Structures are given as structure tokens and as C-alpha cells.
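[1] would you be able to build a 3D model of this:
(one chain, ligands or ions: 1)
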Amino acid sequence: MIVIQEPAELQSEIKRRRFAAARMGRELSVGLVPTMGYLHEGHASLLRKARANDVVVLSIFVNPIQFGPNEDFERYPRDAQRDLALAEQEGVDIVFMPEVKHMYPQRAKTKVQVSDLTSGLCGASRPGHFDGVTTVVSKLFHIVVPDFAYFGMKDAQQVAVLSQMVRDLNMNVTLVPCPIVREQDGLALSSRNVYLSDEQREQALVLSASLKEARQRIDEGGITTAADLKAFLTDRILSKPLAEIDYVDVLTFPGLEALPENAKIQEIEGDIIAALAVKFGSTRLIDNMLLQKKGVAIYA
Ligand code: AMP
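    Modelled structure (predicted):
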């Protein structure tokens, strides 16, 4: 495994490997897993999927431009040594670990912006967040030129936004959405879970528990409309005194369009998503459940 900090150096390394393979009459497939580090089993699951490629590139970069001024950029958890050990264990070939000065050597005058899909959910509570994401992911795509890039459905809106960007800009990469990895007790893995006190963590289980219960009720016919689903999730979450709801929403996926209040879940064409963002103290957690039109979650 090699570790690279400079974008230009990574570009040359990938080019070198592609030429070497071409000389042997082979085409190389390159898989990219973009992360902000402090790796956990969710990231590891993406790396395992990426192993289907000849070369696995893991990027670790806490991207300042996707954080708002009052967000946790400075205190975001970092542990380079532990991340490198995990990367090695997961068979990563190249770790791209730039510093801010490598990715943004001067004030950039270009950004990549996806409209509409970024206006609701996390886009509404984190203005500018998705511009930061689409810009850095575009940069990573230009640096690595991956054939496949792996993203977790934990950040379902990010998957929808990036898919749109790839289509709109004819980017020659296939995005692979991967299922949410959870703790035994249901909590979706997140680097930010370390911020939670024991009491907050206990109450945070309401996110996954309410989604799971909602799915059962949909299957049994107790919840029939998007409005019922939203109300059920809201009530369940508010039963926890430490929970402060940022949003509870039920939308089409991946179009992220609002559903008519009384739309029957079972009759809606295409997938729908129930998405949650809830704060416990200063820690904001997200979770979601994708429902196919028969009410069966495929990325639970
Ligand atoms: P992050 O380091 O939080 O920016 O996440 C990097 C990638 O890992 C993103 O594509 C996330 O969606 C994905 N990811 C984070 N947590 C999970 C999880 N619990 N299950 C699956 N994928 C995840």
C-alpha cells in the first residue's frame, strides 16, 4: 500500500499503472472510495466492494468547504495511523491523504453545483454543504479517474446529488450505492458517533428503531400514507427528551420530490425515502430507509 499527498503525484501513479497494464494488453479498473477518515465498518464495507477492481484507491480528506462556519470541521475526529492500519487490512492499494493546502493551494474560482436536489433535507439545514461535496468529489474524480466510485446510502441525498452530477456532466464513472452498516443495536455507524454521551447514544437508537417499526407498520397496513409515516416517525423521535428534530421527511428517491400528503405509499411509482436528521446535544445524526413501491426496504 502506498500513501500519496499530492494530487499530481496520484495522477501520475494512476497513469503509470494504466500504461503498464495496457502494454500487457490489459485494461485496469480503478475503484475509488472517498471518505473523511476516522474509518469504521461502514467505510470498510465500501472498501470490500471496491476490491472487485484491479486498483483500490481510498481517499481520506476532511474537506473544509463542505462544513458551515459553525460546524465541526476543526473538531472532526481524525486518526491517520489507525486509518492506515485499517486500509492496509482491507487491501487498499493507494491511500490519497492530502492536506488542505494540497487540495486547495489557492482560492478556487470554480465550484460544481447541483440544483433542486440540494435544496431540501441536509441541503436546507447545511447551506453550501453539497456544493462543497460535489466540488471535492469532482476534483477526486479528475485526480483518480476511477471506473467505479463507492458511496454509502447512509448519505442517501449525497448519492442522489452525485448521480445527477455524473449524468449531467457526462462523467465517465459508475457510482455504486452501498447499504447502510449498523451497530448490533441498530445505530448507523458514523465517525460522529464518538461525540455522543452514553445517554445520548441510548436515545439515538430511536432513529433506527423508529424506521424499523415504521416498515413493519407499513407492511401490516397500519401506516398507509406518506403523512402517516412522517407523523409516526416524528412522534416516536420526540418521545426521547434529548432528541431535537432537524428534519423528518418522506420524499421520492432519487428525485427527492415531495409526495402529496395523502399519497398511498403502496401506490406510489418508484422508490420513496424516509429520511431523518436529529440532534442530540451538538451532535447531528442522520439515518434513512428506502422503500420500494411494495414497501420493502432494500437498503435498510
Ligand atoms: P464519511 O467519511 O462520513 O464522509 O463517509 C464516507 C463514505 O462512507 C460515504 O459514502 C458514506 O455514505 C459512507 N458511510 C458512512 N457511514 C456509513 C455506514 N454506516 N454505512 C455505509 N456507508 C457509510
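
[2] any idea which residue of the stretch 151-300 of the chain lies closest to the ligand?
    Of all residues in the stretch 151-300 of the chain, residue 152 sits closest to the ligand, at 2.1 Å by CB to the nearest ligand atom. (C-beta placed from N, C-alpha, C; glycine too.)

[3] so which bits of the stretch 51-200 of the chain are right by the ligand?
    Taking CB under 6 Å from any ligand atom as the contact definition, the stretch 51-200 of the chain meets the ligand at 151, 152, 154, 155, 178, 180, 181, 188, 189, 190, 191.

[4] of these, which is the most crowded?
    Most neighbours among these, by other CB atoms under 10 Å: residue 152, with 23 neighbours.

[5] what's near enough to touch that one?
    When contacts are counted by CB atoms under 8 Å, 6 or more residues apart in numbering, residue 152 touches 42, 45, 46, 159, 177, 178, 179, 180, 181.

[6] ok, the residue nearest the centre of the chain - contacts?
    Computing the C-alpha centroid of the chain and ranking residues by CA atoms, centre = their mean puts residue 155 first, at 3.2 Å. By CB under 8 Å, 6+ apart, residue 155 lies in contact with residue 286.

[7] quick check, it in a helix?
    Yes - applying DSSP: H, G, I helix; E, B strand; the rest coil, one finds residue 155 inside a helix.

[8] hey, where'd the strands end up in the stretch 1-150 of the chain?
    Ranges of strands in the stretch 1-150 of the chain, per DSSP state E, counting those that start in this stretch, are 2-4, 30-35, 55-60, 94-96, 148-152.

[9] hey, what's the closest residue to residue 149 other than its chain neighbours bridged with?
    Once flanking residues are discounted, residue 149 sits nearest to residue 32: 4.5 Å by CB to CB, 6 or more residues apart in numbering. Beta bridges link residue 32 to residue 57, residue 149, judged by DSSP bridges.

[10] was I right to think residue 32 contacts residue 151?
    No - judged on CB atoms under 8 Å, residue 32 makes no contact with residue 151 at a distance of 9.8 Å.

[11] still on that earlier bit, Serialize the contacts of residue 152 to JSON lines and add fields for pLDDT and distance to residue 98.
    Formatted as JSON lines, the contacts of residue 152 follow (pLDDT from 0 to 100; distance: CB to CB, whole Å):
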{"residue": "42", "pLDDT": "98", "distance to residue 98": "22"}
{"residue": "45", "pLDDT": "98", "distance to residue 98": "24"}
{"residue": "46", "pLDDT": "98", "distance to residue 98": "19"}
{"residue": "159", "pLDDT": "98", "distance to residue 98": "24"}
{"residue": "177", "pLDDT": "97", "distance to residue 98": "25"}
{"residue": "178", "pLDDT": "97", "distance to residue 98": "24"}
{"residue": "179", "pLDDT": "97", "distance to residue 98": "29"}
{"residue": "180", "pLDDT": "98", "distance to residue 98": "27"}
{"residue": "181", "pLDDT": "98", "distance to residue 98": "26"}
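
[12] in helices, which of these fall?
    Among the contacts of residue 152, the members falling in helices (DSSP state H) are 42, 45, 46, 159.

[13] only the buried subset of the residues you listed, as a PyMOL command please.
    Only the buried entries of the ones in helices among the contacts of residue 152 go into this PyMOL selection, using 16 or more other CB atoms under 10 Å:
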select buried, resi 42+45+46+159
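
[14] would you list the ones in helices among the contacts of residue 152 in CSV and tack on distance to residue 5?
    CSV is the format used below for those (distance: CB to CB, whole Å):
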residue, distance to residue 5
42, 25
45, 26
46, 22
159, 28
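
[15] distance check, residue 202 against residue 261.
    As judged by CB to CB, to the nearest Å, residue 202 and residue 261 stand 33 Å apart.

[16] now the strands of the stretch 1-150 of the chain as a markdown table including mean pLDDT?
    Listed next are the strands of the stretch 1-150 of the chain as a markdown table, based on pLDDT from 0 to 100:
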| stretch | mean pLDDT |
| --- | --- |
| strand 2-4 | 98 |
| strand 30-35 | 98 |
| strand 55-60 | 98 |
| strand 94-96 | 99 |
| strand 148-152 | 98 |
